[in-house]
Each structure stands twice: as C-alpha cells, then as structure tokens.
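K.L.:
build me a model:
(4 chains)
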Protein chains: 4
Amino acid sequence: MCRWLAYSGSPVSLNDLLYKPENSLVVQGKHAQLGAETTNGDGFGIGWYGSLPIPGMYHSIQPVWHDRNLHELSVQAKAGLVFAHIRAAIGSPVQETNCHPFRHGRWLWMHNGYLGDFLRVKRSLVLAVDPSLYPEIEGSTDSEIFFYLALTFGLEEDPPSAVARAVGFIEHIGRQHDVEQPVQMTVATTDGSTTWAFRYSSDQRSRSLFRSTDISTLRHQYPDNPVLHELCDDARLVVSEPLGSLRGAWHEVPESTCVVIHQGSAQLCPFSPTAPQVLVG
Amino acid sequence: MCRWLAYSGSPVSLNDLLYKPENSLVVQGKHAQLGAETTNGDGFGIGWYGSLPIPGMYHSIQPVWHDRNLHELSVQAKAGLVFAHIRAAIGSPVQETNCHPFRHGRWLWMHNGYLGDFLRVKRSLVLAVDPSLYPEIEGSTDSEIFFYLALTFGLEEDPPSAVARAVGFIEHIGRQHDVEQPVQMTVATTDGSTTWAFRYSSDQRSRSLFRSTDISTLRHQYPDNPVLHELCDDARLVVSEPLGSLRGAWHEVPESTCVVIHQGSAQLCPFSPTAPQVLVG
Amino acid sequence: MCRWLAYSGSPVSLNDLLYKPENSLVVQGKHAQLGAETTNGDGFGIGWYGSLPIPGMYHSIQPVWHDRNLHELSVQAKAGLVFAHIRAAIGSPVQETNCHPFRHGRWLWMHNGYLGDFLRVKRSLVLAVDPSLYPEIEGSTDSEIFFYLALTFGLEEDPPSAVARAVGFIEHIGRQHDVEQPVQMTVATTDGSTTWAFRYSSDQRSRSLFRSTDISTLRHQYPDNPVLHELCDDARLVVSEPLGSLRGAWHEVPESTCVVIHQGSAQLCPFSPTAPQVLVG
Amino acid sequence: MCRWLAYSGSPVSLNDLLYKPENSLVVQGKHAQLGAETTNGDGFGIGWYGSLPIPGMYHSIQPVWHDRNLHELSVQAKAGLVFAHIRAAIGSPVQETNCHPFRHGRWLWMHNGYLGDFLRVKRSLVLAVDPSLYPEIEGSTDSEIFFYLALTFGLEEDPPSAVARAVGFIEHIGRQHDVEQPVQMTVATTDGSTTWAFRYSSDQRSRSLFRSTDISTLRHQYPDNPVLHELCDDARLVVSEPLGSLRGAWHEVPESTCVVIHQGSAQLCPFSPTAPQVLVG
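P.N.:
Numbers count the residues shown, from 1 in each chain, chains lettered A, B, ... in the order given. Model (predicted):
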C-alpha cells in the first residue's frame, strides 16, 4: 500500500538518498516492484533530525515524483537519520495529516500495510488511546491510530514491547469484530538515536522489507557517489524494497522480526504480538 | 471565524450568488466586515442540490478569491438550494475534510464559531457520537463533531430539537471541563427542502447573522441582475453578513433564534439548549 | 505521455463516462495499457458544455484517481459534449494552467504527445502566435502553444486546415533546429458542436487512438448501465485507449487521419501537414 | 501587491526571522499595514543559501499563515542570506512558478509592484529577453520577465546598471503602448554574497521599503530573542514594511534609491532608469 525508507548513519545528502539510487523511493512512486500497488502517488512525507532533538517534517499531498519543493530541500539538506514514506491510499483522504511519518515529541513512526476492516474497529481502537494523547491525533488513518496505541502501550520506554502490545490489542479487537486479517505491517519508529523496524502480519504474509548489508555494499551500489565513499561504516538502511539491483547488497528481513539499528549495528530479534493482559486474568 | 451563506428558492446561477453581490462571499474572503476575522482564507466549500436527492459538494483548501475551479463551476451551475462557507481556521489543519459544508446522506451542515477549548472536550464529545455514525467522521474540526452530535440526537427527525440537545450536551460537557464559553455558533442545516439556521452562544454574544427580507428587496439589491428579476418570490437568503449595503434589505436574526425557511416562507422561533435528560432524572 | 477521451452525443452522466467503464480514464491514471507511461498522475482536466456556449472547465494538479471534487462534480453533472484529459508531465511543471483541455472562447483543445525538443524551438513557435492571441497563453506546455498556433492558422474557420498548417509549421521550425521528431500527437478540438480528432506524428508512429463503433456496441460494453440503454444513437467516443475489453466495440484510428464527429456521424479523412506557404513562393 | 524581506548577516533561524517578529511576514500575510493590499494570501516563497552556491527555494500556493511545511522548515533551518516573499496576485494565476523569489544560477530576484498594463506589453518585453535565457522562463508574471530582462541587460556583471537598463527599457516599451505607469517596484536581488535592493516607480510614488538601522536596534526589537543577542553586527534587513513598532529601528529607503548590502555595511545610491541606447544614437 506504501513504500518507505529509514536511513541512519553519518549525515548524508537527502538528494543522494531519495533521488539518485536506481530504484529510489521517487522511482518507486510510479513503479514499485514489490509493493501491493505499483503506484504510490497519494502524498508522501519525510522526517529528518537536524541540530534539534525534535525532527523536522515535510508532508505533501503531491505525488513524490513531481514535488519540486522536495527536490529543493533534498539538495540543500543533510541528515544522519531520515525517514521517508510514499503513500498509496486505501480509503483515507489524501491530506497532509494523513502523510507519514507521524511525530510525537522526538519520535517518528511510519507504516506500510493496514489494519483490517479499519472503519469497523476504529472506534474501539481510538477509545484505547491514552486520553492525554488523544487530542494530538490529527488525521484519519489506521497508521496514525496504530502509532498512538503504541505510544499508549509505552513506545517511549520499550518500543518492541509497546509495539507487541499494540499489535496484540489490535488483533484482539479485530477478532472481536470478526476481522480476518487484523494487522498487516512493516513499521519503522525512532527516537532520533535508535531505529526499530518491524515486519509482521496476522497471516504471516507480510509486506516486503529489506535491510542493507553494510556500507561496503552501499559503496558498490553507488560507485559514482563520492559522499558514500566518504561515509563512515555506520550507515544503515531499512527499506520496503531494495534501492538497486546489486546482488548481495540487501538482506530480506524475515517474517515476524524486529530490526534494531543503533550506532551502525543492526540486531534482529523475533517479534510476536502480546495479547492484552486483562484477558489473561 | 468563518462566514457563510444559505440560499433557497428558484434555481439561481451560482455566479450571481457568490461573485456578483457588492459584499459577496468571495469579497468577504479578504474583507469580511462583521466577522471575528477580516480574512477567511483557509479553504471553503459549497454544497448544492441538483437533480439528485444527495447534494453535490466542492471543497477546496485554496482561498475562495483565487480558486478558478469555483468560478468555472459557478458560471455553469444553477441550483435552488445552495450552502457556501469560507473558513478562517483556528487550529484545525486546512484540508478538504475540514471544509464545510459537511454532508450525511441528503443533509448538509455548516457552522461559524467554535466549541470552546475543543481539544480538551473533544474526546468526550466524540464518545457521545452514535457508534454507527462514528466511522463517517472524516476531518478534525469541532464543527463536524457538532454535526455528528446533532445527527446522534435526531437531526433527521426534528432539527431544532436535535440541535438544542446537541448544544445542551456540549455545554454540559464544557462545564464539566471548566470551559467558559462552550458554544459559539451560527449554524445552517438542510435536508434539501427546508433550511434551519441557528444563532446562539453560551455567553449570548453570538456571531452575526442576517436574513433577506423578501425578493423585492433582493431585486433592489441587484437592480441590474436579470436573473433576480425573473425569480419567483420564494427566494430566501440567510447570511453571516449582508451581501450589500442597501438599507432595508436585511434583517438581523436575533440572539438565541432558529430561522426555518421552507417554500419561500421564513419563520423565527426562540432557540435554547436542552440540558441532557439523564441529568434531570 | 497522456490519455484523453472525447464524448459527444446525448447528455450523459460524467460519472458514467469517467468512472464506470472497466478501463475508465480514472483507471488509466494508474494503469494505462497503451500509453507511453503507465502512470498519468500529473494533473488532469475536463471541459464540458452546459447551457452556455462557453464550456466549463475543471483543472486539478491532483492525480485523477484521488480527486474527490471530480467525483462529486461527475455525479451531479450531465453533458452532451465532454473532453477529459489525464497528464503525464514530461518537463513542464504540474500546475492548473498546464492542464488540458485548453480553452479559447467556445473552443477546447487537448493533446497527447509532444513537440520534439520543445525548449529549443519554443521561442520560435511562440513568436509565430498571433500577437492578439499571445496574452491569452497562460501555461508553459508545448500543447498550449500548439493550440495557439492552430488558432493563429485559422482553427475557428477550418480546423483540419489550420491543424495541418500548424503541424507543418512546427515541423518546419523543428527541422531548422535539427529536431528529429518535431511532432508526436493525438489531438482533439471542438467548438461545442463538432469534434475533430487527429492522429499523426512526424515519424508515423503515433500515440494510440480509438473511436467507438456505434451506440449498440456501447450498450454491449456497459450492459448494466441504464443510462446508455436510453441513449440516442448519436453517442460517439474518441479515446486514447479502449474503455473496456469488449471485442468489436472500438476501431483504431489509422495513422495520419482526422476524425470528424458531428451529430452522431463519424467521418475519417487523411491528414497530412501543410508546409509553410512562404517557403514555397 | 506583495510584501518581502531580505536578510543578510550571520546565520539566523528562519523561525526567528519569519515567525517571531511582532509584524512578521507571516502576520503581514493577513494584515499588511503599508501594502497596496492588506491580504497577501496568493502563495509565497523563500530562497536561502546553505552550504552550496546555488540557493534552495521553497514555493507554495498556500497562504503563508497556514503552511505547515514552511513552519517545519523554518524551525530546522538557519541561513546567512534569506529572501522571503508573500504574494497578492493581480491577474497571474496562483501557481508555484509564479511565486517569488525567482532563481537563475546562484541569483535570486523578488519584486513588489507591477509592470503597468502587462498583458499589452508582455510580448514586446519577452521578445527582448536573451534567446538563451528564454527557455528558463517558467511562469507568467511580470516580475519574472523583469528578472530575465535584468539578466539580459547584465545583472550578473553589474546589477545596478542592469536594473537601470531593464527599467529604462520597460518604460520605453510602456510609453510606446501608452502605458501611464510602466514600472512600480521594489526589487531585491542577490548573488548570495551582496544584496541589491531598489525602490522606484515611474510616477515617483513607490511601494514602501525600509532597512534596519543596525543590529543593536534589532536587539532592542527582539529583547527576548537570544539568537539575536548573539548575532554579529553584520545583520542587515531590507523589508517592505517594518517588522515591529520600535522607534528608531527602521529607516525608510528614499524614492529612486538602490541599497547595497555587503558584509554588514549598507550603502545607498541614487537610482534612475537608463533609456535604451539605440534610441539615443
């Protein structure tokens, strides 16, 4: 339904990141190869960390491939942690408040996939959002409610646990409403220092997700890019689909997995939903 | 915070209605004379009834004065019942789903004013919306929640009573949250046949509202407009502020009043909120 | 680079025309089958003739598939002559003034294709536009300049001759600038009564163009569409690609051909450019 | 018709520059005090110099006061040379290519005012643009043509002389077409190092223009702004109208004057148009 990219490492030009790769996110806007949709033209967004703890965001309802402001900004800006997302809407209106990434304080969140039968379960999910967080909800997507559920379940303290609890809760509510596939997701979230990426779906047929092997493969990927040749070895990418066709450059992230990126290292852990506590007792 | 116009009567050119008057709604976009803001440039919308029972809508995030599509549409279209609204946003994002009028089936709704401290009371108000209506909420304004509360309280059966109950409920919730001015409103709603317009605020200092006297004054207002000269005598306008300076053409709608327009006749009734029933018993 | 549709006949719902066909123009926005691009998401436009001699226009920079105002308008409006165009930009900015159809008085014009090496020949072409028409040029596309050249060469008097002279002139200027393929085009133009459609390119490999056979095939095409079953036999469509897969419903328009649609009849004539007169003498 | 601001000096937060002043450019969007229009809501643009010689640009057709992306960008970005412009359109469409500043290589240009009877003289002016520059013209404003005329007359070599020749040429063409007021302007242009600002009009009643006195007055202007308190003394602003009401902080730029800002110093020189040479001989 969407495609996304999460970069962390030494500061890189957004232009190098978003436009130059052979199968860049901008190219995927028209011609995604592994997505549920080939066209992702229903708005997009980027989030980036500059010198402030709060990341900047640029959201647009234009297709990514013809947005001139994004190109201008990308040429000027460098950042060491970048989230970028292109949207293929499946019901929710195309408006800036529905563009990913979503932000809460210094946290960013983006999602590819859906919450099954969202309009049927939306009210129950929204009711579970912490009332102090509720007024921050600005848009109407399943992805944003998912984010606020994760925040409610402690995203800022323990992201893998909070996401597991949020997914478990959504699946629980979904089953109550006879939803066949309550959760389909790849998700990335960050506090500006560590990035957590998740691949999971209720039916174990999740949207595609890949991570870069290491910087040496990136250098092979972009042999003519002097920026990458000068990069430290801490550069890491997690992407919905490979940015190029170089063999060996990308590892598929396995089903039901969480990838944790921190200071150039990537760790993989199994991911499974946590059923709501109240049901156990 | 906004300005609006409700026309009913014989079919009239939208161009005559929206562009030609001396103080037209398009003029009020930049230079409202009686509004809380002189500039109403944060999107606009129109709703009109054609040959179908469901009205058409055109919503735009552009300022009304430079939207070329509105002008094109206005030149081509005639309608016998037209709602038009220009927005001065006070917090909610400028997006099409936040543009008035809002629609449910054959009903339209538009609002000038605000629900006081909306973000503090929003969750309580949304919880009171009928769960079967909840999934239809698309935007993030107080005005749309107000509409869905009125629908919940029976707008489709008895509009004055439903609006009175909705206002009473909002004031009740507001007082629970120490909101000083829970409701500031002029509202218009219609089923395509009858139009109800309300002027009310918790502190009895409501936004301006006027109604046209009768068609003969309209003919005086636009002496050079052949369309109006051929109009039946059933034409009626309710507006946030007069569309021109002709003395005698406009009556101010009194505080705490409901105006009912049907087949060319206008009736005024006192309007007061109905406190929630459950509190009485 | 683009896809378009020209309808003439008894008034038809724009919704039936633009949304309901299996391979509708809205579908072609994401998945054009015969175009140079599969994605036509860089704005769109429609022109339609209502009760006035001047057609209405709706232009949008949004992708056609998620523009809610177009859907609203289409549900409400019927017209007997409709032009619709979806754009895949190849250099010119995505802005309303670059959306087709273009209008001059009661004439409309839309174009699929390009003028080769446009930026190199643009100044020479613009200089040839009649100075009295020059101030009307609003956008920056090759297609609009092409329109104004055709107007300069007499479009309003004799469309096939004027288009032939315009194409001949563009090819002449192109050859002066060593442009290999000066003209690639399918074009439709109308005065609100007759529609002329052209298929031509300098290298005889023109963009696809089809015309409907007759109304009986349309009825087969949309067996469940009661509107079409009540249509007069004068309905005619010329389209960049068939709106459905029914065999026999569509004829390909041959290379270098002009189709003239008037009062339900379609005539085909050979089309060839007319070299500039001044060069002959 | 518009309002603008040109900053040069030590890098400053765009947020401090565009949002925080009492009568900031964002405030002037709705409530300009000295402009020909109080509302400047027809798009806006900024240009800023980062680490590259080519400045970045952000153009938007939204009113400046509700554009969330501008606020995001302003919070994140600092720059030592910033142009910002808000537009009140007087005929030309509201589209990104009509938003100031305009750019050519490392040069920026922005304009408040108009070229009189532009549509009558446009063709003659465009014909005078150097053919090698002609293809770069993207929009349809008088201001952009003015820029390309200045470039044609040598802006990159000697800005005051080139602007004088451009103005002289426009006045000459204007008089040929019986235009009463050929030029009304305040203009700012920069190569990223020096800024030139001009105040001139054919009838000597030019749009307002002010320059900041020196940084100490700025510090008085924003006593609570720690950034300004740490600024070097090289900060200089040229603005359509003062950003605040502090007495002594702003000098009006006299009629027919060019202000040259370089490395913290401001020089004023008389400005007068240069009549076309060919007419003299």
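K.L.:
list the contacts of the helix or strand containing residue A:75.
P.N.:
Using DSSP states H and E, the secondary-structure element containing residue A:75 is helix A:68-76. Outside of helix A:68-76, the residues within contact range by CB atoms under 8 Å, 6 or more residues apart in numbering or on different chains are A:13-15, A:17-19, A:44, A:46, A:58, A:60, A:64, C:93, D:48, D:50-52, D:54, D:56-60, D:69, D:73, D:96. Where C-beta positions appear, they are placed from N, C-alpha and C, glycine not excepted.
K.L.:
likewise for stretch A:126-140?
P.N.:
A:92-93, A:95, A:97-98, A:102, A:104, A:144-145, A:148-149, A:151-152, A:169, A:173, B:93, B:97, B:119-120, B:122-123, B:126-127, B:137-140.
K.L.:
now that stretch: buried residues?
P.N.:
A:126, A:128, A:129, A:134, A:136, A:137, A:138, A:139, A:140 (16 or more other CB atoms under 10 Å in any protein chain shown).
K.L.:
sitting in helices, which of the residues you listed do you find?
P.N.:
If you go by DSSP state H, these have residue A:126 in helices.
K.L.:
relative to residue D:203, which of the buried residues of stretch A:126-140 is nearest.
P.N.:
residue A:138 (49.2 Å; CB to CB).
K.L.:
phi, psi for that closest one please.
P.N.:
Main-chain dihedrals, residue A:138, degrees, to the nearest 10: phi -110, psi -30.
K.L.:
tell me the helix or strand right after the helix holding residue A:75.
P.N.:
Per DSSP H and E, the first helix or strand lying C-terminal to helix A:68-76 is strand A:78-87.
K.L.:
that following strand close to chain B?
P.N.:
No - judged by CB under 8 Å from any CB of the partner chain, strand A:78-87 and chain B are separated, with a smallest distance of 14.5 Å.
K.L.:
ok, that strand near chain C or not?
P.N.:
No - on the criterion CB under 8 Å from any CB, strand A:78-87 is out of touch with chain C, staying 10.0 Å away.
K.L.:
neighbouring strands for that strand, and are they parallel or not?
P.N.:
In the sheet, strand A:78-87 lines up against strand A:2-13 (antiparallel), strand A:44-48 (antiparallel) (DSSP bridges).
K.L.:
can I get that strand in PDB, CA atoms only?
P.N.:
Provided in PDB are the C-alpha atoms of strand A:78-87 (Å, rounded to 0.1, in the frame of the first residue of the first chain):
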ATOM      1  CA  LYS A  78      21.900  16.500   5.000                       C
ATOM      2  CA  ALA A  79      20.900  14.400   7.900                       C
ATOM      3  CA  GLY A  80      22.100  11.400   9.900                       C
ATOM      4  CA  LEU A  81      18.700  10.000  10.500                       C
ATOM      5  CA  VAL A  82      16.000  10.100   7.800                       C
ATOM      6  CA  PHE A  83      12.500   8.600   7.400                       C
ATOM      7  CA  ALA A  84      10.800   8.800   4.100                       C
ATOM      8  CA  HIS A  85       7.400   7.400   3.100                       C
ATOM      9  CA  ILE A  86       5.300   7.400  -0.100                       C
ATOM     10  CA  ARG A  87       1.700   6.600   0.200                       C
END
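K.L.:
which residues sit against the following helix or strand past that strand?
P.N.:
Scanning forward in sequence from strand A:78-87 by DSSP H and E, the next helix or strand is strand A:102-104. Identification of contacts with strand A:102-104 by CB under 8 Å, 6+ apart yields A:47, A:54-55, A:57, A:108-110, A:133, A:136, A:139, A:143-144, A:147-148, A:151.
K.L.:
please repeat the previous calculation with a cut-off of 6 Å.
P.N.:
The contact list for strand A:102-104 (CB atoms under 6 Å, 6 or more residues apart in numbering or on different chains) reads A:57, A:109, A:144, A:147, A:151.
K.L.:
pairing partners for it, with directions?
P.N.:
Paired strands of strand A:102-104, with direction, are strand A:107-115 (antiparallel) (DSSP bridges).
K.L.:
quick one: mean pLDDT over the partner strand.
P.N.:
Strand A:107-115 comes out with an average pLDDT of 98.
K.L.:
hang on, the earlier thing: hey, least reliable of the strands paired with strand A:78-87 by pLDDT?
P.N.:
The minimum mean pLDDT among those belongs to strand A:2-13 (a mean of 94).
K.L.:
of the contacts of strand A:102-104, closest to chain C?
P.N.:
Nearest to chain C among the contacts of strand A:102-104: residue A:144, at 18.1 Å, using CB to the nearest CB.
K.L.:
how deep is the closest one tucked in, by neighbour count?
P.N.:
Using other CB atoms under 10 Å in any protein chain shown, residue A:144 has 21 neighbouring residues.
K.L.:
on the three-state scheme, it is what?
P.N.:
helix (DSSP: H, G, I helix; E, B strand; the rest coil).
K.L.:
cool, the one 10 residues further on as well?
P.N.:
Look at residue A:154: counting by three-state DSSP, its state is coil.
K.L.:
roughly how far does it sit from residue A:100?
P.N.:
Going from residue A:154 to residue A:100 by CB to CB, to the nearest Å gives 21 Å.
K.L.:
do residue A:7 as well
P.N.:
Distance from residue A:7 to residue A:100, by CB to CB: 15 Å.
K.L.:
the more surrounded of those two?
P.N.:
residue A:100 (31 against 25).
K.L.:
ok, now which ones touch that one?
P.N.:
For residue A:100, the contact set (CB under 6 Å, 6+ apart) comprises A:45, A:85, A:110.
K.L.:
redo these as a markdown table? Include distance to residue C:39 and neighbour count.
P.N.:
Output for the contacts of residue A:100, formatted as a markdown table (distance: CB to CB, whole Å; neighbours: other CB atoms under 10 Å in any protein chain shown):
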| residue | distance to residue C:39 | neighbour count |
| --- | --- | --- |
| A:45 | 20 | 26 |
| A:85 | 18 | 30 |
| A:110 | 23 | 27 |
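K.L.:
quick check, nearest of those to residue C:241?
P.N.:
Using CB to CB, these come closest to residue C:241 at residue A:85, 31.8 Å.
K.L.:
am I right that that closest one is in contact with residue A:4?
P.N.:
Yes - contact between residue A:85 and residue A:4 holds when scored by CB atoms under 6 Å: they sit 4.3 Å apart.
K.L.:
residues shared between the contacts of the two?
P.N.:
residue A:110.
K.L.:
got the strands paired with strand A:78-87 as JSON lines, with distance to residue C:260 columns?
P.N.:
Converted to JSON lines, the strands paired with strand A:78-87 look like this (distance: least, CB to CB, whole Å):
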{"stretch": "strand A:2-13", "distance to residue C:260": "46"}
{"stretch": "strand A:44-48", "distance to residue C:260": "44"}
